[in-house]
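Participant: Build me a model:
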Amino acid sequence: MKAKWFPVLAVLAVLTALSLACTLTGKKAAAPQPAQPDNPAAQPDIASGSDEHSDGESGSETSFPLPDAKIEGLTELGNGQINYQVKMSLDKVIQFYRQEFKNRGLTEREILFSQTDSTFSMVFDGDPGGKALVIQGVAIQDLTNVNIRHEDI
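Facilitator: This is a model prediction of the structure:
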């Protein structure tokens, strides 16, 4: 029974630590550098698309799609990974990314989707860069902390 909760608690601990580290350092993130595709004719990957957003406070920008709701603490964590907080429920964040990445031609690995009352994790394939796109979220009071990154899965 205890082993069932370990992965959920591990994800929650990592995302909370990342969020706290970003908040405590107070560093402004540099704008992400566009990825250079191996094949110049290939489409850019999701992290180098044209959807630039800024959180308005730190000046951080990302080319990952972001919801229209107010974004707080948008931080570039390196290697195209971002972390931010948004005043949306877990379900609304999940709906947003499912629709956004479906519109971009990505396919969700439904077997890797998981959700609890306070966390979610989802993975999408089909990015021209060849890596999986991982989106994870943790509910923290009235905000959802969201982390998006590319991974070899």
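Participant: Might you list the low-confidence residue ranges for the chain?
Facilitator: Residues of the chain meeting the criterion pLDDT under 70: 1-62.
Participant: now the strands: where do they sit in this protein?
Facilitator: With strands called from DSSP state E, the chain shows them at 53-54, 61-62, 71-78, 81-86, 107-108, 114-115, 119-125, 132-140, 143-151.
Participant: I'd like the ones you listed as JSON lines, with mean neighbour count and distance to Phe101 appended.
Facilitator: Where you see a C-beta, it was placed from the backbone N, CA and C, and this is true even at glycine. As requested, the strands of the chain are exported to JSON lines (neighbours: other CB atoms under 10 Å; distance: least, CB to CB, whole Å):
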{"stretch": "strand 53-54", "mean neighbour count": "16", "distance to Phe101": "16"}
{"stretch": "strand 61-62", "mean neighbour count": "20", "distance to Phe101": "15"}
{"stretch": "strand 71-78", "mean neighbour count": "19", "distance to Phe101": "18"}
{"stretch": "strand 81-86", "mean neighbour count": "23", "distance to Phe101": "15"}
{"stretch": "strand 107-108", "mean neighbour count": "14", "distance to Phe101": "7"}
{"stretch": "strand 114-115", "mean neighbour count": "14", "distance to Phe101": "17"}
{"stretch": "strand 119-125", "mean neighbour count": "20", "distance to Phe101": "5"}
{"stretch": "strand 132-140", "mean neighbour count": "21", "distance to Phe101": "7"}
{"stretch": "strand 143-151", "mean neighbour count": "21", "distance to Phe101": "10"}
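Participant: want to throw these into CSV with distance to Glu100?
Facilitator: Output for the strands of the chain, formatted as CSV (distance: least, CB to CB, whole Å):
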stretch, distance to Glu100
strand 53-54, 12
strand 61-62, 13
strand 71-78, 14
strand 81-86, 13
strand 107-108, 11
strand 114-115, 18
strand 119-125, 10
strand 132-140, 10
strand 143-151, 11
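Participant: Figure out which of those strands is closest to Arg98.
Facilitator: Across the strands of the chain, Arg98 has its closest neighbour in strand 107-108 (6.5 Å, CB to CB).
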